[in-house]
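In: Whatever this is, show me its structure:
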Amino acid sequence: MTGGWFGARRGVVRPLAVLVPLLVAALLGLLRGDLSASAAAVVIVIPIVAAAATGDRWAGVLAALAGAAGFDYFLTAPYLSASINRPEDVQLAVALLLVGLAVTELALWGHRQSAAAARRQVYLDDLVGLLDLPADPSGRALPTAICAAVTSVLRIDRTEWVEGVPPPDEVLVDPEGVVRLHGRALPVQLEGLPTDGSVSIPVARGGRVVGRFRLVAASRAVRPSRDELRAAVLLASSVVREVPATPTP
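Out: A predicted model of the protein is given here:
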């Protein structure tokens with residue numbers, strides 16, 4: 001996962017992820033008479049961690065490879081050579097590479113957890129906003145607000161409230177956030193929501209379908225997660241506070 005400032009500057013971050021560990025190793029090579037190999041390896045880990053912290057997996061991997069290569073070239077005998085004579089230096093170089101790769105994966109896991117927490121906060125904020133809406137005799141304010149919230153959560157083109165039962169061939173989102181067509185689950189996390197039609201979230205009251213929120217994602221492929229789809233279903237279910245029940249035909 002890559003995003004934010006670093007995601008927009010991968011063309012700079014990735015070359016730096018290679019150059020900085022090599023430069024650090026070269027500078028440490030000037031002090032190799034006064035510095036142990038293990039201490040030098042610890043210092044080289046620092047720019048690797050910095051590259052991994054960008055959230056770009058390739059930056060972290062490249063930094064780990066560059067750090068291990070720099071350690072081998074500048075800090076192990078024979079110096080300025082790709083060869084390593086001592087078994088302990090081989091083990092240290094391999095350990096440096098593995099630590100760099102592990103740190104990269106841990107940093108990416110942290111980025112994913114942070115992004116998931118931010119998304120959950122958005123869902124909660126949307127729900128709280130719906131609960132705070134004033135009473136509307138026309139019954140239009142809540143469906144309109146839910147449409148805006150669902151559109152934001154799923155990052156789709158638009159959402160529309162439609163009263164009545166969905167047509168038989170409509171793609172539906174079930175309460176568990178699974179997108180289905182005639183009961184068959186669609187792999188929307190891989191292929192995205194259908195762009196040649198709409199997807200509906202049915203809303204029921206007292207066991208009867210009173211309407212649906214129609215999701216439109218025609219301009220681009222949108223791949224919502226199960227959590228995002230479940231949040232959209234939860235938001236959609238709030239509409240029964242104001243929308244009158246419509247008998248199914």
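In: what's the domain layout of the chain?
Out: 4-116, 141-241 (automatic domain parsing).
In: Now mean pLDDT and mean neighbour count too, for those, in JSON lines please.
Out: From N, CA and C alone the C-beta is placed, and that goes for glycine too. Formatted as JSON lines, these follow (pLDDT from 0 to 100; neighbours: other Cβ atoms under 10 Å):
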{"stretch": "domain 4-116", "mean pLDDT": "84", "mean neighbour count": "18"}
{"stretch": "domain 141-241", "mean pLDDT": "87", "mean neighbour count": "17"}
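In: so L190 is in which element?
Out: Here L190, judged by DSSP states H and E, is contained in helix 188-191.
In: For that helix, which outside residues touch it?
Out: 179, 221, 223-226, 229 (Cβ atoms under 8 Å, 6 or more residues apart in numbering).
In: change it to 10 Å
Out: 171, 173, 177-179, 194, 199, 217, 221-226, 228-229 (Cβ atoms under 10 Å, 6 or more residues apart in numbering).
In: Do a quick rundown of the strands in the chain.
Out: Ranges of strands in the chain, per DSSP state E, are 158-163, 171-173, 179-181, 184-185, 198-205, 208-216.
In: looking at the ones you listed, which is closest to L23?
Out: The minimum distance between L23 and the strands of the chain falls on strand 179-181, with 49.2 Å, by Cβ to Cβ.
In: Can you verify my assumption that I46 contacts P21?
Out: Yes - using Cβ atoms under 10 Å, I46 makes contact with P21 at a distance of 8.9 Å.
In: Please enumerate the shared neighbours of the two.
Out: With Cβ under 10 Å, 6+ apart as the test, I46 and P21 both reach G67.
In: Just the closest of the contacts of helix 188-191 to S237, please.
Out: Nearest to S237 out of the contacts of helix 188-191 is V173 (Cβ to Cβ; 11.5 Å).
In: Identify the residues contacting that closest one.
Out: 154, 179-180, 186, 188, 193, 199-202, 212-213, 215, 224, 229-230, 232-233, 236.
In: cool, and I48?
Out: 17, 20-21, 24, 59-68, 96-97, 99-101, 103-104.
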